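Undergrad: take a look and give me a structure for this.
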Amino acid sequence: MSHAEIQFLDLMRHGDDFFKIELLRPAKAWYLKALELNIDTENVKLKIAECNRLLVFEVKVIKILGVILAAIVLAFFILGK
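TA: Numbering: from 1, shown residues only. Next up is the predicted model:
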């Protein structure tokens, strides 16, 4: 196995480790580093696309939770008086 292949596997392992615990931004960063080596690019692109898909979902959930929290706080102040 070449040095580049060993480095690639190490980068992918780090990305997979972060992905498993749902730390998507660090996982994507490791995958992007792996992509630079041009080894198994299709697999890496799929992993990056999955990170992007989940990050979009994460942002939507955060926005919804923000609206719900604002409504709860507003209701607390209105009903509390």
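
Undergrad: now G15. Nearest residue, chain neighbours left out?
TA: Spatial nearest neighbour of G15, excluding adjacent residues (CB to CB, 6 or more residues apart in numbering): W30 at 3.5 Å. Glycine gets a C-beta too; all of them are placed from N, C-alpha and C.

Undergrad: please report how far that neighbour lies from L79.
TA: Applying CB to CB, to the nearest Å, the value for W30 to L79 is 48 Å.

Undergrad: looking at these two, which is more packed in?
TA: The residue with more neighbours, out of W30 and L79, is W30; 22 against 7, by other CB atoms under 10 Å.

Undergrad: what comes up buried for the helix or strand where that one lies?
TA: Using DSSP states H and E, W30 falls within helix 24-35. Applying a neighbour-count criterion of 16 or more other CB atoms under 10 Å, the buried positions in helix 24-35 are 24, 27-31, 33-35.

Undergrad: could you do stretch 43-59 as well?
TA: Applying 16+ other CB under 10 Å to stretch 43-59 flags 44, 47-48, 51 as buried.

Undergrad: cool, and stretch 6-15?
TA: Within stretch 6-15, the residues that count as buried by 16+ other CB under 10 Å are 8, 11-12, 14-15.

Undergrad: so what touches that stretch?
TA: Contact with stretch 6-15 is made by 27-31, 33-34, 37, 39-40, 44, 47, as judged by CB atoms under 8 Å, 6 or more residues apart in numbering.

Undergrad: switch the cut-off to 6 Å
TA: Residues outside stretch 6-15 that contact it (CB atoms under 6 Å, 6 or more residues apart in numbering): 27, 30-31, 33-34, 37, 39.

Undergrad: what pLDDT does the one residue sitting closest to the centre of the chain get?
TA: In the chain, the centroid-proximal residue (CA atoms, centre = their mean) is L24; its distance is 1.9 Å. Per-residue confidence (pLDDT) for L24: 96.
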